[in-house]
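Q: Starting from these lines, generate the structure:
(one chain, ligands or ions: 1)
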Amino acid sequence: MAVERLQKILSNAGVASRRSAEAMIVAGRVAGNGKTLDTLGARADPEKDEITVDGTPVLRERYRYVALHKPTGVLSTTSDDRGRPTVVSLVDIEGATLRPVGRLDLESEGLILLTNDGALTELLTHPRHEVPKEYLVAIDQPLGKKGRERLVRGVRHEGERLKADSVQLVSPGGSSGDPDPRWLLITLHGGRKREIRRMLSVVGRRVVTLRRIRIGPLALGTLAAGSSRELTPEEVEALYEAAKAERKQSRGSMAAAAEAPGMAFPHPHPIAIDGPAASGKSTLARALVERFGYVLLDTGLMYRAIALAALRAEAPASDAGACAELARGGLLRLAVGGREVRVLLGEEDVTDLLRAPEVEGAVSDYAAIAEVRRELVAQQRLFAAQQPSVLVGRDIGSVVLRDAPVKLYLQASEEVRARRRGEQAAEWGAQQSASEAGRDISGRDTTDSTRAASPLVEPEGAIVIDTGELDADAMIARAIEAIEERAT
Ligand code: CDP
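A: Now for the predicted structure:
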């Protein structure tokens with residue numbers, strides 16, 4: 001990070017707005033490395049200098065950057081509920097919470113970056129601005145020139161186009177010597193899930209070992225599996241430069257699209273998904289936000305939160321005024337964390353309470369109240385206008401986002417949905433048989449589709465997917481195909 005104006009550093013750190021930071025500076029309250037900085041032109045380096053306000057350090061965390069050689073069998077996530085080792089557990093940097101930049105499959109090894117610098121993470125992981133990465137790959141059978149060229153032209157797998165920038169033969173293990181047709185050096189920009197394994201499976205090859213050896217300007221070098229090192233400032237600078245250069249290149253080709261408001265993303269948004277209970281909406285929505293880098297708002301959680309608040313306040317659904325007041329009062333708040341939204345009541349994050357049987361049984365009655373809906377619909381529209389998003393619910397394509405460029409409507413028989421919900425209930429920690437789940441679902445279905453206010457309907461112009469006949473991957477592939485068609 002470069003030297004910056006003091007007021008910018010303070011406002012970036014969330015200490016004060018730019019204007020009040022300026023007031024603090026001229027009042028002599030701000031110091032850099034113990035020396036008072038009281039002019040508005042003063043600059044500092046937020047990484048190297050200790051900035052204080054009234055003697056208290058304000059930048060608690062400095063940016064740290066670590067290169068790790070991830071061994072196979074280690075997850076590239078921050079934590080794991082099954083207690084398996086993660087890349088974060090292999091790196092011990094005092095006083096900083098590092099997160100992996102992108103991912104590397106469980107069975108793959110090699111270079112992965114960890115940092116607490118959100119700006120660099122954002123740059124390096126944005127689908128349009130990824131730097132090229134190199135992988136050393138051993139496969140089960142030799143791959144001839146034709147096969148290698150196919151990978152560079154691009155192949156389709158489950159509705160996605162997978163493409164390498166280059167595929168070269170190298171000697172075993174990447175050492176110098178004669179090239180071996182079972183050892184490939186693959187360069188690609190993408191970072192799709194299991195991309196290399198999937199593209200090789202299309203040409204009939206199985207990956208035996210896969211090691212990432214370069215991310216843009218940064219090479220794995222001789223770092224042993226399981227060990228890590230901090231990057232030098234020059235290496236960090238080079239990563240920033242490489243990511244920005246990618247950005248410039250892709251801007252050139254998408255200049256017109258990037259300039260038009262609301263079109264800065266290559267895919268259409270917002271995406272509306274509707275359907276009855278347990279029709280597959282959440283599974284599909286999660287896959288889409290991952291794929292396109294959007295944010296998911298599950299509007300069912302908002303209705304559930306209002307139901308929870310009403311139950312706590314002992315306000316029955318027949319008291320529409322009191323329930324609308326709960327929806328209106330600023331009590332319900334949305335917090336974007338990663339790709340999904342969590343729901344707060346006041347300061348309390350209630351997201352994990354919203355599948356409780358009391359809520360499940362009551363939500364549809366509260367969701368049928370027109371004034372409650374009006375309030376929540378306004379919040380949902382505002383949300384969709386603020387970031388590229390996927391909204392999931394019952395009335396998204398028909399009411400909330402009537403003009404959405406992509407509307408999906410999922411359906412499946414009641415029997416299939418009851419079975420799915422029974423299985424999910426166990427995951428959510430509730431004990432519910434398929435028949436109990438079936439009763440809950442069919443009760444809600446009836447209320448949802450017969451109510452006067454925004455009943456569940458198939459929205460006009462929606463792409464209808466019957467998920468009863470499809471497994472999750474096939475459903476996702478079908479939706480992505482439809483979306484890509486609309487994008488072109
Ligand atoms: O996950 P599941 O499909 O079972 O339910 P949900 O999406 O969490 O929605 C719970 C309930 O909220 C639904 O049964 C509807 O009564 C209501 N809801 C609604 O009326 N409008 C929405 N846009 C979303 C949910």
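
Q: Quick check: chain neighbours aside, which residue is closest to L354?
A: Here the nearest residue to L354 in space, its sequence neighbours aside, is R304; by C-beta to C-beta, 6 or more residues apart in numbering that works out to 3.9 Å. Backbone N, C-alpha and C define where each C-beta goes, glycine included.

Q: wait, I meant E130
A: With C-beta to C-beta, 6+ apart as the measure, H189 is the residue that lies nearest to E130, at 4.9 Å, once sequence neighbours are left out.

Q: Kindly provide the distance from the residue lying closest to A368 once chain neighbours are set aside to the ligand.
A: Nearest-residue entry for A368: R451, 4.1 Å, with adjacent residues in sequence omitted and distances by C-beta to C-beta, 6+ apart. Spatial separation of R451 from the ligand under the definition C-beta to the nearest ligand atom, to the nearest Å is 8 Å.

Q: wait, what's in contact with the residue in the stretch 201-350 of the chain positioned nearest to the ligand?
A: Taking C-beta to the nearest ligand atom as the measure, the point where the stretch 201-350 of the chain comes nearest the ligand is G300, at 2.3 Å. Going by C-beta atoms under 8 Å, 6 or more residues apart in numbering, G300 touches V363, V392, G393, R394.

Q: Kindly indicate whether E485 is helix, strand or coil.
A: Three-state assignment for E485 (DSSP: H, G, I helix; E, B strand; the rest coil): helix.

Q: Pull up the gap between it and V202, please.
A: Computed as C-beta to C-beta, to the nearest Å, the E485 to V202 distance reads 21 Å.

Q: on that earlier part again, out of the contacts of G300, who's nearest the ligand?
A: Nearest member of these to the ligand, counting by C-beta to the nearest ligand atom, is G393, at 2.4 Å.

Q: Report how many residues lie close to the closest residue to the closest one other than its chain neighbours.
A: Excluding the flanking residues, the one nearest G393 by C-beta to C-beta, 6+ apart is T299, at 3.7 Å. The local packing of T299 (other C-beta atoms under 10 Å) involves 23 other residues.

Q: Check G329 too.
A: Using other C-beta under 10 Å, the number of residues around G329 comes to 11.

Q: returning to what we had before: for the residue nearest to A368, list the residues it contacts.
A: Residues in contact with R451, defined by C-beta under 8 Å, 6+ apart, are S364, A367, A368.

Q: Could you double-check that the second one sits in contact with Y303?
A: What it means is A367. Yes: A367 lies in contact with Y303 (C-beta atoms under 8 Å); the separation is 4.2 Å.

Q: Next to the ligand, which bits of the stretch 201-350 of the chain? Give me the list.
A: Within the stretch 201-350 of the chain, the positions lying close to the ligand (C-beta under 6 Å from any ligand atom) are A277, A278, K281, T299, G300, Y303, R304.

Q: Can you give me the separation between the last one and A277?
A: Going back to what we said before, that points to R304. Going from R304 to A277 by C-beta to C-beta gives 12 Å.

Q: about what we covered before: E485 and V202: which is more packed in?
A: Residue environment comparison for E485 versus V202 gives the larger neighbour count to V202, 15 against 10, counting by other C-beta under 10 Å.

Q: quick one, what contacts that one?
A: R150, V155, R156, H157, L162.

Q: Return the distance of the last one relative to the ligand.
A: Read that as L162. As defined by C-beta to the nearest ligand atom, L162 lies at a distance of 32 Å from the ligand.

Q: What pLDDT is listed against that residue?
A: What the model reports as pLDDT for L162 is 92.

Q: Can you list the residue ranges for helices in the stretch 201-350 of the chain?
A: Using DSSP state H, counting those that start in this stretch, the helices assigned to the stretch 201-350 of the chain run over residues 233-253, 255-259, 281-292, 299-312, 320-328.

Q: er, the stretch 351-488 of the chain I mean
A: All helices of the stretch 351-488 of the chain, identified by DSSP H, counting those that start in this stretch, fall at 357-367, 370-386, 414-427, 434-450, 472-487.

Q: most packed of these?
A: Taking mean count of other C-beta atoms under 10 Å as the contact definition, the stretch among those with the greatest mean neighbour count is helix 357-367, which reaches a mean of 20.

Q: one step back: what's the farthest-apart pair in the contacts of G300?
A: Taking C-beta to C-beta as the measure, these reach their widest spread between V363 and V392, a distance of 14.5 Å.

Q: hmm, back to that, correct me, but the residue nearest to G393 touches G397?
A: No: if you go by C-beta under 8 Å, T299 and G397 don't touch, sitting 11.8 Å apart.

Q: which residues touch the residue nearest the centre of the chain?
A: Centre of the chain computed as the mean C-alpha position; nearest residue by C-alpha atoms, centre = their mean is R339, 3.4 Å away. R339 sits next to R286, V289, E290, Y294, V295, L296 when contact means C-beta under 8 Å, 6+ apart.

Q: if we go to 10 Å?
A: Shown in contact with R339 (C-beta atoms under 10 Å, 6 or more residues apart in numbering): A285, R286, L288, V289, E290, F292, G293, Y294, V295, L296, S389, V390.

Q: Please consider this matter closed, and thank you.
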